[in-house]
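In: The following block contains a protein sequence and its predicted model.
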Amino acid sequence: MTIGRTLASPPSLTLKGMTRLMTSARRLTGLAMAAASVVSLGLAPVASAQDAPPPPAPAPAPVLSTPEAPLPTVSESVAAIVNDDIVSTYDLVQRMRLLVLTAGIQPTQENLPQLQREALRGLIEERLQIQELRRVERENKINIVADDAEVDGAIADMARGANNMTADQLLAQLRAAGIGQETLRAQLRAEISWQGYISGRFRSRLRIGRDQIKATLDRLAAQATKPQYQISEVYIEAARVGGMQIAYQGAQSLIEQMTQGAPFAAVARQFSASPTAANGGDAGWISAGEMPAEVESVLDQMPAGNLSPPIATQDGVYIIYLRDKRAGSNVTLVSLKQVAVPLAEDATAEQIQAAAVELEALRPTVTGCADLEAKAALDPGVLAGDLGEAEITGLADGFQQAVANTPDGQLSQPIRTQMGLHLIMVCGRRSSGAQLPTPEQVEGRLISLQLSNISKRILRDLRTSATIETR
């Protein structure tokens, strides 16, 4: 399941209709990708789960070519107790099987402890989430936890995304792997309930200012002049898995699985502690200075299309897949609009002053690029037009200075040319070869990041205050 990585649902505490937003794209959309079998899983000694991290998102699952996947021959007992709520060894083995299936990896004696830690971590956090949601339901007399119909809808969505299957066909695939449908249903119920609760409670309170959006866009534009790398990442945080040595060994094990055919995106969804895990580890294009120095030194030497070795940093270990790389661009393109009052080249000072007054009267009525021309059309003495996109270095000196000194979406100070007196507005800017996101996209990303941080903070507090015993 995913904890706060993709929180785009509408602010509703009733959760009705939430299921359709929890589509299969992050889970089992690749259920018909490749053939694999799920082997019988044993139980290794379980580490403490007090510091368990948010569990990663499920990944595309392969088709089972061999339906024989017997349950492990172990007696059912207690694997963990979470505030008096029991996690049985049967629950744990079932979740391990689902983890193996969705990550597309083959269990070995070496990676079983890692699989068990990840499975137990997810189960413990689901218990904490449901316990907290039930508490909120009782105190506020509202419905938060997803009901059976919503879970059924999520499974149906997953099935349609998985090669246009039916829900029955998807559940049959799970049964062939020895996975009971309640294992998947419990995971989905906790996921859509928790995400709906976090979004419903906090999304309407978040405010992203225009200054934040502009600062982000300016930073992205500046970074576009540096060398850029298109990467996917898996990040294993040392504190969450029991230390740097375990994190490094875990990274080595995952690399071995990926070199044997496990999909990078599926592994990232299940094992990465980075927010990009919800997107299969896809971090998109990054520029020099955005990643730890240890990672960048490796990226500089890697050819595109290669998988890195484990890269140890101060707090954890990275695995990087370098999909592409390109040199930075020093050419910045701006989209401009203008309003102007025509003036002769030999216009008098009084005429220039009158034109300036006329243009200044327009300034408080304009809210941005969208209404600039419409507002200017109300004054017959003012001309307005779209100047299109141009390189900053190709603009006349006065226009270059105005672009540099005027925030995007605001009118500049008057610019005198031989044609008249002008005010310009920057409607967008980007580096050639690198398309910047729109302000709306930046706002959405910042909101999602804040919701993710809120979710992680609440879960951390729940873990700290909980009584968690592992057996």
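Out: Done, it's in.

In: Can you give me the buried ones in the helix or strand Ile447 falls within?
Out: Assigned by DSSP states H and E, Ile447 belongs to helix 439-465. Neighbour-count burial for helix 439-465, counted by 16 or more other C-beta atoms under 10 Å, picks out 439, 442-443, 446-448, 450-452, 454-456, 458-459, 462-463. (Glycine included, C-beta is placed from N, CA and C.)

In: and the most centrally placed residue in the chain, how far is that from Asp282?
Out: Nearest residue to the geometric centre of the chain (C-alpha atoms, centre = their mean): Thr276, 4.8 Å. Distance of Thr276 to Asp282, computed by C-beta to C-beta, to the nearest Å: 6 Å.

In: Identify the contacts common to the two.
Out: Common neighbours of Thr276 and Asp282 are listed as Ser232 (criterion: C-beta atoms under 8 Å, 6 or more residues apart in numbering).

In: residues contacting Ala103?
Out: The neighbourhood of Ala103, defined by C-beta under 8 Å, 6+ apart, consists of 59, 262, 266-267, 269-271.

In: Which helix or strand contains the nearest residue to it once chain neighbours are set aside?
Out: Excluding the flanking residues, the one nearest Ala103 by C-beta to C-beta, 6 or more residues apart in numbering is Gln270, at 4.3 Å. Using DSSP H and E, Gln270 maps to helix 264-271.

In: So which elements touch that helix?
Out: Contacts defined by 3 or more C-beta pairs under 8 Å, 6 or more residues apart in numbering; DSSP states H and E place helix 264-271 against helix 89-103, strand 228-237, helix 244-259.

In: could you check the angle helix 264-271 makes with the longest one?
Out: Here helix 244-259 runs at an angle of 150 degrees relative to helix 264-271 (axes from the mean of the first three to the mean of the last three C-alpha atoms, to 10 degrees).

In: try the second one
Out: For strand 228-237 against helix 264-271, the angle between stretch directions is 30 degrees (the same axes, to 10 degrees).

In: Now the element after strand 228-237, going C-ward?
Out: Using DSSP H and E, the helix or strand that follows strand 228-237 in sequence is helix 238-241.

In: buried sites along that next one?
Out: For helix 238-241, the neighbour count (16+ other C-beta under 10 Å) marks 238, 240-241 as buried.

In: What residues does Glu237 make contact with?
Out: By C-beta under 8 Å, 6+ apart, the neighbours of Glu237 are 53, 247, 273, 315-316.

In: where's the dip in pLDDT among those?
Out: pLDDT across the contacts of Glu237 is at its lowest for Pro53, which sits at 37.

In: any idea which element the residue lying closest to Val145 once chain neighbours are set aside lies in?
Out: The shortest distance from Val145 to any non-neighbouring residue, by C-beta to C-beta, 6+ apart, is to Ser193 (4.8 Å). In this assignment (DSSP H and E), Ser193 forms part of helix 181-202.

In: got it, and Ala390?
Out: In the assignment (DSSP H and E), Ala390 maps to strand 383-391.

In: packing partners for that strand?
Out: Looks like strand 383-391 contacts strand 332-342, helix 372-376 (3+ C-beta pairs under 8 Å, 6+ apart).

In: Which one, of these, ends up nearest to Pro414?
Out: strand 332-342 (9.2 Å; C-beta to C-beta).

In: Name the residues of the closest one that are buried.
Out: 332-341.

In: among these, which one has the lowest pLDDT?
Out: Among the buried residues of strand 332-342, Thr332 carries the weakest pLDDT, at 76.

In: Please name the residues that touch the residue nearest to that residue when sequence neighbours are not counted.
Out: Distances taken as C-beta to C-beta, 6+ apart place Ile392 nearest to Thr332, at 5.0 Å, with adjacent residues excluded. When contacts are counted by C-beta under 8 Å, 6+ apart, Ile392 touches 332-334, 400, 403-404.

In: from those, which single one is nearest Ala167?
Out: Taking C-beta to C-beta as the measure, Ala167 lies nearest Leu333 of the contacts of Ile392, at 48.6 Å.

In: State the distance from that closest one to Ala390.
Out: Distance, Leu333 to Ala390, using C-beta to C-beta: 7 Å.

In: what's the answer for Ala356, then?
Out: Distance, Ala356 to Ala390, using C-beta to C-beta: 25 Å.

In: do Val241 as well
Out: Applying C-beta to C-beta to Val241 and Ala390 gives a distance of 51 Å.

In: Other residues contacting the helix or strand that contains Arg323?
Out: Using DSSP H and E, the element containing Arg323 is strand 316-326. For strand 316-326, contacts defined as C-beta under 8 Å, 6+ apart pick out 227-239, 244, 247-248, 250-251, 254-255, 258, 264, 273, 281, 292, 294-295, 298-299, 302-308, 310-311, 433.

In: Going by neighbour count, which of these are buried?
Out: Restricting the contacts of strand 316-326 to buried positions leaves 227-238, 244, 247-248, 250-251, 254-255, 258, 264, 273, 281, 295, 298-299, 302, 308, 310-311, with burial counted as 16+ other C-beta under 10 Å.

In: contacting residues for Met422?
Out: Actually, residue 422 is His rather than Met. Applying C-beta under 8 Å, 6+ apart, the residues near His422 are 338-340, 414-416.

In: and if we set it to 7 Å?
Out: Neighbour list for His422: 338, 340, 414-415 [criterion: C-beta atoms under 7 Å, 6 or more residues apart in numbering].

In: Before I go, just wanted to say thanks for your time.
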